[in-house]
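*Asks:* I need the structure of the sequence given here:
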Amino acid sequence: MAFPAIALAGGGALLIWIDAATKAMFVAALLSVTGAWGWVIYRARSTGKRTAKPTLLMMQAATAVLVLGLAFPAYEPFVIKLIKG
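*Replies:* Below you'll find the predicted structure:
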């Protein structure tokens, strides 16, 4: 009989954890994308070869997703209005 209360309490705790984890994941994503760009640049300069186009496209996509994620608070109200209609 107490399952709904336990589920609600667990759900609330999960939401709080996700909020804290989100901030940490943004930092991890920023470091990952920055490090990946550094590696791509390092490899291109050390080998003297051009970076493959698929690599550059994927890096650009990763950077765009990161920027969209970091800027979400700026455009969140607009997205909410679109969803609500």
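
*Asks:* Three-state assignment for the residue nearest to Leu56 when sequence neighbours are not counted, please.
*Replies:* Excluding the flanking residues, the one nearest Leu56 by CB to CB, 6 or more residues apart in numbering is Val40, at 7.7 Å. Quick note: C-beta positions are derived from backbone N, CA and C, even for glycine. Following DSSP: H, G, I helix; E, B strand; the rest coil, the label given to Val40 is helix.

*Asks:* now the one 5 residues further on
*Replies:* Here Arg45 takes the helix state, with states given by three-state DSSP.

*Asks:* and it, how far is that from Val33?
*Replies:* Look at Arg45 and Val33: by CB to CB, to the nearest Å, they are 19 Å apart.

*Asks:* between the two, which is the more surrounded one?
*Replies:* Taking neighbours as other CB atoms under 10 Å, Arg45 and Val33 compare with Val33 leading, 16 against 9.

*Asks:* that one contacts Ala64, doesn't it?
*Replies:* No - here Val33 lies out of contact with Ala64, judged by CB atoms under 8 Å, at a distance of 10.1 Å.

*Asks:* what about this protein, any weak spots by pLDDT?
*Replies:* 1-3 (pLDDT under 70).

*Asks:* so who does Trp39 touch?
*Replies:* For Trp39, the contact set (CB atoms under 8 Å, 6 or more residues apart in numbering) is empty.

*Asks:* what is the neighbour count of the residue nearest to Leu56?
*Replies:* 16.

*Asks:* ok, it to Met25 distance?
*Replies:* 22 Å.

*Asks:* what's the answer for Ser46, then?
*Replies:* 31 Å.

*Asks:* and Ala71, by the same measure?
*Replies:* For Ala71 relative to Met25 (CB to CB), the value is 15 Å.

*Asks:* who's more crowded, those two?
*Replies:* Met25 (13 against 10).

*Asks:* and the more buried one, helix, strand or coil?
*Replies:* Going by three-state DSSP: Met25 is helix.
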